[in-house]
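Participant: need coordinates for the following:
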Amino acid sequence: MPVRTKRVYDPAEPGDGTRILVMRIYPRGVRRNSFDEWRKELGTAPELIKAWKAGTITWAELSKRFKAQMKDHQAQASLQELARRARTERLTLLCGCGDEKHCHRSLLKAMIEALSPK
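Facilitator: This is a model prediction of the structure:
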């Protein structure tokens, strides 16, 4: 099943399946019952997101550094588990970013789908 991505502030829909928050810092104003799991280890490192938002690094550089960050043992274990689950269940990755094309959740989606061949 394909992995979906959404903003954590978007309302839940029946087709979301398991809603997984992928942020290190808890988003303001979000109730705990608006998602099923919280995978902090899949969030962007605070210094990396700060550099991106300050404009001191490009999206390409953020992507490169984030992928390196995801080589951590805990992150790899989490990605492997989600890839296994994605074969049989719908997963929706949630983050607070408004621009999905420039959000780490799009990178995570690609990583999970690469680990979970059809």
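Participant: just give me the neighbour total for A114.
Facilitator: 10 (other Cβ atoms under 10 Å). Every residue, glycine included, has its C-beta placed from N, CA and C.
Participant: which stretch of helix or strand covers it?
Facilitator: Following DSSP states H and E, one finds A114 within helix 104-115.
Participant: could you do T92 as well?
Facilitator: Here T92 sits within strand 91-95, counting by DSSP H and E.
Participant: this structure: strands as residue ranges?
Facilitator: In the chain, strands defined by DSSP state E lie at 3-7, 18-21, 37-38, 91-95, listed in chain order.
Participant: nearest to L62, out of those strands?
Facilitator: L62 sits nearest to strand 91-95 of all those, at 13.4 Å, using Cβ to Cβ.
Participant: partner strands of that closest one and their direction?
Facilitator: On the basis of DSSP bridges, the sheet neighbours of strand 91-95 come out as strand 3-7 (parallel), strand 18-21 (parallel).
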